[in-house]
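Colleague: Sequence and predicted structure below; questions after.
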Amino acid sequence: METIERAATAAAGGGLDADLADGARKDAHRLAGSLGSFGLIRGSELARELEERFETGEKPQDAAELVDLAAALRGEIER
């Protein structure tokens, strides 16, 4: 989760590098599967959304949404 949050913040600030984005994509992929296994469907959906966005890259005007998605995912995990 930390890598995802760090990557989302970096993207929102315009400083997301390829290595951090790839690490966040991989972590989001793992979380999507794990959360789905535990029946946390909304968390799995959010993680998949993040995975896709880190894979395709964010347009600068949309990068702030990553922070919101990461916060929502954190909320689902902590529930």
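Modeller: Nice, thanks for sending it over.
Colleague: Tell me which residues touch the residue most central in space within the chain, please.
Modeller: Taking C-alpha atoms, centre = their mean, the centroid of the chain lies closest to Leu50, which sits 3.6 Å from it. Counting by C-beta atoms under 8 Å, 6 or more residues apart in numbering, Leu50 touches Ile4, Ala8, Ala24, Arg25, Ala28, Leu66, Leu69, Ala70, Leu73. Where C-beta positions appear, they are placed from N, C-alpha and C, glycine not excepted.
Colleague: wait, which of those residues is closest to Thr56?
Modeller: Among the contacts of Leu50, Arg25 lies closest to Thr56 (C-beta to C-beta), at 9.6 Å.
Colleague: what comes into contact with the helix or strand where the closest one lies?
Modeller: Arg25 belongs to helix 18-37 when assigned by DSSP states H and E. For helix 18-37, contacts defined as C-beta under 8 Å, 6+ apart pick out 1, 3-4, 6-8, 10-11, 41, 43-45, 47-48, 50-51, 54-55, 57, 73, 76-77.
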